[in-house]
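Trainee: I would like the atomic coordinates for the input below:
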Amino acid sequence: MKRAAKPPKVAKARPSKPTKERRSRSEQVETTWLTADGYRLSDRLVAVDRSRSGGEFVAALANEVMDRHIRRGRRGLAVCGAAQGAGVSFVAANLAVTLAQLGVSTLLVDTNLNAPGLEVLFTPPAPGPGLSDLLASPGAALAGTIRSHVLPRLSILYAGSLVGGEADGLGSDRFGEIVRSCLRDHECTIFDTPPANRSTGARLVSAAAGYALLVARCRVTFTDDIEMLTAQLAQDEVSIVGSVLNAA
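Mentor: Model prediction:
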């Protein structure tokens, strides 16, 4: 995917503008931002502060996704990596934040039910149900499970309290219903997926979303693994929107 020439300047919304929170070096805790609703945001969310290293890259990626995906009426996008360590959660989370900053009603969904990553990047003020709970309880309401307005125009569906066995759940009719509801209610839904070489989860989520963005990482991802995942997604009739080389 080519980088956009110049990302637009986007003003931060004031009502939920996060504030920086620093701790002493002896505690060895990374710098975080605390939102008005009590969400603790990791400093790996470079999109929150565009001056941080990587912020320009994320802005360019979001503009490409806007032009080549969202403006064409497409609402779902699975972010996939061939193996662990590619930085899928990093890309998915920062992309979702930036799209929300651009005015897009965005939902970020953690489908990595064995090793969820979004709660580390967006630590909620209190635990609660998520995708795994919805899959286990067909009668549970989606609206009551989604954390709305974590940031302006950004909502999150966390992995939930029940983990394990995600391959079966993500291939179920129930998951298909959840995906359709997410796509209907939000302008864009970004799915953070598990490593493709550890389960079929990434393929199942991509098939449900219809579109995928591939993430590779310098000195971590093997070309053969990416080629295999590309072939598998093509077999599943998933359209690949583009690919990202994560240098972070």
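
Trainee: Summarise which helices and strands the helix or strand where residue 230 lies is packed against.
Mentor: In this assignment (DSSP states H and E), residue 230 forms part of helix 223-235. Packing partners of helix 223-235 (3 or more CB pairs under 8 Å, 6 or more residues apart in numbering; DSSP states H and E): helix 201-209, strand 211-217, strand 239-246. C-beta here means a position set from N, CA and C on the backbone, and glycine is covered the same way.

Trainee: Of all those, which one is nearest residue 83?
Mentor: Among those, the nearest to residue 83 by CB to CB is strand 211-217 (9.0 Å).

Trainee: Mind giving me the packing neighbours of that closest one?
Mentor: Using 3+ CB pairs under 8 Å, 6+ apart, strand 211-217 sits against strand 76-81, helix 88-101, helix 223-235, strand 239-246.

Trainee: Can you say which of the ones you listed is nearest to residue 182?
Mentor: That would be strand 76-81 among those, by CB to CB, at 7.6 Å.

Trainee: Paired strands for the closest one, with orientation please.
Mentor: strand 188-192 (parallel), strand 211-217 (parallel) (DSSP bridges).

Trainee: Now do the shortest one against helix 88-101, angle only.
Mentor: So that's strand 188-192. 170 degrees (axes from the mean of the first three to the mean of the last three CA atoms, to 10 degrees).

Trainee: need the contact list for the residue nearest to the spatial centre of the chain.
Mentor: The structure's the chain has its C-alpha centroid closest to residue 92; by CA atoms, centre = their mean the separation is 3.2 Å. Shown in contact with residue 92 (CB atoms under 8 Å, 6 or more residues apart in numbering): 79, 108, 190-192.

Trainee: where along this protein do the helices fall?
Mentor: 55-68, 88-101, 118-121, 131-136, 166-170, 173-185, 201-209, 223-235 (DSSP state H).

Trainee: Please measure how far the first residue of stretch 66-82 sits from its last one.
Mentor: Stretch 66-82 has its terminal residues 24 Å apart, counting by CA to CA, to the nearest Å.

Trainee: Residue 157: which of the helices of the chain is closest?
Mentor: Per CB to CB, nearest to residue 157 of the helices of the chain: helix 131-136, 5.6 Å.

Trainee: For the closest one, list every residue counted as buried.
Mentor: 131-135 (16 or more other CB atoms under 10 Å).

Trainee: got TSV for these, with pLDDT and distance to residue 71 too?
Mentor: Shown next, in TSV, are the buried residues of helix 131-136 (pLDDT from 0 to 100; distance: CB to CB, whole Å):
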residue	pLDDT	distance to residue 71
131	96	28
132	94	33
133	93	34
134	95	30
135	93	32
